[in-house]
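1. Pasting the sequence and the predicted model now:
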Amino acid sequence: MNQRYRPITRLGLGGTGLGDMYHTTSDEAAHATVDAAWQAGIRYFDTAPHYGAGLSEHRFGMALRRRPREEFTLSTKVGRILVPHHPGEIASPFVSAMPFRRVLDYTADGVRRAVEDSLQRMALGHIDIVYVHDLSPDALPEADFEHHFRIAAGRGGAFEGLVKLREEGLIKGWGMGVNTVEPCMRALQASDPDVFLLAGRYTLMETTPLEEFFPLCAERGASVVIGGPFNSGFLAGGEHYDYQPAKPAQHAHRERLRQVAARHNVDLAAAALQFGLAHPVVSATIPGASSPEHLRRNAALLHIEIPAVFWEELLAEGLLPASAPIPPRKTVV
């Protein structure tokens, strides 16, 4: 089995905040956030054309282009081509946009153009990981999802194009960047992906990937990057769950987690961040941050000691399945 590429550090910086998700962020604050990540030892940065219609990529490029390129992992996404559009297409949950609109394109030609466009926006020499973005039933109507997945998995599609880009050495790895398990499973069956960015599905709130997806990744040598370890900030105290207002059942589940955490004097956000990294197929986790303060807090959470009795009570209360690996006493970046 080929040695597949993994991010350089276990903790990364997700780029939604730099694309003005939920609220605006100044260019200065965005740059300072990336600088704070670097100072905290973070060397993995993830972005996408979708985030602010190019805004996140542009800001990452501004902040990273003076850093030694071989010292960090950079991932972005394909599936949307940005075409000129004034004043810019605002797409929820982003509140800002550069002067572009998004056009879906899951073909091999579209993948190559998207990668080349991203390199231009960031003014960087290469991208390490490329994820096929939002090719998922939750992001597209069912008929559209099946249509675009057939294109991506078929001859002349995105998967074939990404394998070729990897063979050419233009990227080091590729996979899916989605919020559901199904397209990841299907991609593993249809092609040869290296790494998946799966957001919100392996957290203290949900552990569906333990059943089939993680075992298949282990069998194929693929790894998983955990996106949204706080479920869009919910486990860190927010009111959104996977980009939508949280439902009563989700609030009730969080309250049970909070009660166990309070009994053991545990910061629930620290537990949420450390939990995903305990699984051997997980190569990194990338909480978002839109300010240096958020970034430094996330980095500090990774190093907080959490007593084993906390995890044992989550298992005993049925808040975690028995098959979930428990974090070690110390997690490192």
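-> Noted; the coordinates are in hand. Numbering: from 1, shown residues only.
2. CA only for contacts and neighbour counts going forward, please
-> Fine.
3. so where's the stretch 201-333 of the chain shaky on pLDDT?
-> 329-333 (pLDDT under 70).
4. Where do the strands of this protein begin and end?
-> For the chain, the strands defined by DSSP state E occupy 13-14, 44-46, 73-78, 80-84, 100-104, 129-133, 173-178, 195-199, 223-227, 240-241, 244-245, 282-286.
5. Distance to Thr25 and mean neighbour count for the ones you listed - can I get that in TSV?
-> Listed next are the strands of the chain as TSV, based on distance: least, Cα to Cα, whole Å; neighbours: other Cα atoms under 10 Å:
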stretch	distance to Thr25	mean neighbour count
strand 13-14	14	25
strand 44-46	17	25
strand 73-78	20	24
strand 80-84	21	18
strand 100-104	19	18
strand 129-133	23	26
strand 173-178	24	27
strand 195-199	22	27
strand 223-227	21	26
strand 240-241	19	18
strand 244-245	20	11
strand 282-286	19	24
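6. which residues does Ala48 contact?
-> 15, 54, 56-57, 75-78 (Cα atoms under 8 Å, 6 or more residues apart in numbering).
7. circling back to that earlier point, right, and the strands of the chain - which one's nearest Cys184?
-> Cys184 lies closest to strand 173-178 among those, at 6.2 Å (Cα to Cα).
8. relative to strand 129-133, how tilted is that closest one?
-> Strand 173-178 runs at 30 degrees relative to strand 129-133, counting by axes from the mean of the first three to the mean of the last three Cα atoms, to 10 degrees.
9. surely Val281 meets Ala218?
-> Yes. If you go by Cα atoms under 8 Å, Val281 and Ala218 touch, sitting 6.2 Å apart.
10. Please name the residues that touch Asn231.
-> Contacts of Asn231 by Cα under 8 Å, 6+ apart are 199-200, 203, 205, 240-242.
11. what does Arg43 give?
-> Counted by Cα under 8 Å, 6+ apart, Arg43 has contacts 8-9, 11-12, 37, 71-73.
12. And it, its phi and psi?
-> phi -130, psi 20 (degrees, to the nearest 10).
13. That one and Leu74, how far apart?
-> Distance, Arg43 to Leu74, using Cα to Cα, to the nearest Å: 8 Å.
14. Gly177 now?
-> Gly177 is 14 Å from Leu74, by Cα to Cα.
15. Hmm, His126 is touching Leu170, no?
-> Yes. Using Cα under 8 Å, His126 makes contact with Leu170 at a distance of 6.7 Å.
16. Dead centre of this protein: give me the residue that sits there.
-> Gly227 (3.3 Å; Cα atoms, centre = their mean).
17. Pull the contacting residues for it.
-> 14, 197-200, 285-287.
18. Report the beta-bridge partner residues of it.
-> Under DSSP bridges, the beta-bridge partners of Gly227 are Ala199, Ile286.
19. okay, the contacts of Ala48 in TSV with distance to Tyr131 next?
-> Formatted as TSV, the contacts of Ala48 follow (distance: Cα to Cα, whole Å):
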residue	distance to Tyr131
Gly15	14
Gly54	16
Ser56	16
Glu57	14
Ser75	7
Thr76	6
Lys77	5
Val78	6
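20. distance of Leu268 from Ser323?
-> Leu268 sits at a distance of 21 Å from Ser323 (criterion: Cα to Cα).
21. what separates stretch 157-168 from the chain centre, distance-wise?
-> 21 Å (Cα atoms, centre = their mean, to the nearest Å).
22. Which single one of the contacts of Arg43 is nearest to His294?
-> Using Cα to Cα, the contacts of Arg43 come closest to His294 at Ala37, 9.9 Å.
23. That closest one and Glu293, how far apart?
-> Using Cα to Cα, Ala37 is found at 10 Å from Glu293.
24. which stretches of the stretch 1-150 of the chain have low pLDDT?
-> Ranges of the stretch 1-150 of the chain meeting pLDDT under 70: 1-2.
25. returning to that earlier point: when Leu268 and Ser323 are compared, which one has more neighbours?
-> Neighbours were counted for Leu268 and for Ser323 using other Cα atoms under 10 Å; Leu268 has more, 23 against 10.
26. mind listing the helices for the stretch 51-200 of the chain?
-> In the stretch 51-200 of the chain, the helices defined using DSSP state H, counting those that start in this stretch lie at 55-64, 108-122, 142-153, 158-167, 182-190.
27. Name the residues of the shortest one that are buried.
-> Across helix 182-190, burial judged by 16 or more other Cα atoms under 10 Å covers 183-185, 187-188.
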